[in-house]
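Asks: model this:
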Amino acid sequence: MLAVESAAPVCGRTPDNDAELIITYLFDAPRDQVYQAWTEEDRLREWWGPAGLDMLSCKVDLRPEGLFHYGMGIPNGSTLWGRWVFREIAAPERLEFVVSFSDDQARISRAPFSADWPLEVLSTITFTERNGKTQLKMIGVPINASDTERKAFVGMIGGMQQGWSDTLGQLDDYLAQ
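Replies: Residues are numbered from 1 along each chain as shown. Prediction:
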């Protein structure tokens, strides 16, 4: 169940940000299981990414400054690369990481859909157990971003909400298996 707490920009958490994407989702699964799905290669391969894309490469080094680097096959035959650089890992309560598009060597690159998309987005995810279920709360904010990049982020909040709804729905289906 996706609940978007804010459909409009909210005051950022760091001085150089003026936009936040806040998403909550309730999973009918214990917190440890949901956390493992976010942090283990074999599990991430099963659900991560937009519907219709195939996970071709997935490597996780779960430690501060470690990397989740992935490549997804898209229908036109090319590969979409991305990466997370972990900042904070507090199992099973919290993950904080910087999200970027990348190349196959995990070097940061521009988003394929916009030259104005921020190069880095700080994501903080908290996992709260509630009667055997898990509430996930994700906050995403552009960091080290220009005004143009922050505006691009704000302009895509609706699309990101839909994308996260689909992706978290895939995780929900995976956890139900």
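
Asks: Would you map the strands across this protein?
Replies: Listed in chain order, the strands found in the chain under DSSP state E are 2-6, 21-27, 54-60, 67-73, 79-90, 94-102, 108-109, 120-130, 133-143.

Asks: Any idea which helix or strand in this structure has the lowest mean pLDDT?
Replies: Among the helices and strands of the chain, strand 2-6 carries the lowest confidence by mean pLDDT, DSSP states H and E, at a mean of 41.

Asks: give the contact list for Gly132.
Replies: Shown in contact with Gly132 (Cβ atoms under 8 Å, 6 or more residues apart in numbering): Pro30. All C-beta spots, glycine's among them, are computed from the backbone N, C-alpha and C.

Asks: residues in contact with the longest helix anywhere in the chain?
Replies: Longest helix of the chain, by residue count under DSSP state H: helix 157-176. Defining contact as Cβ under 8 Å, 6+ apart, one finds that helix 157-176 is touched by 2, 4, 7-9, 19, 21, 23, 25, 27-29, 33-34, 37, 43, 46-51, 136, 138, 140.

Asks: ok, back up a step: may I see the strands of the chain arranged in a markdown table, with distance to Gln177 as well?
Replies: What follows is the strands of the chain, written out as a markdown table (distance: least, Cβ to Cβ, whole Å):
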| stretch | distance to Gln177 |
| --- | --- |
| strand 2-6 | 20 |
| strand 21-27 | 13 |
| strand 54-60 | 16 |
| strand 67-73 | 21 |
| strand 79-90 | 24 |
| strand 94-102 | 22 |
| strand 108-109 | 34 |
| strand 120-130 | 19 |
| strand 133-143 | 16 |
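
Asks: All set now, cheers.
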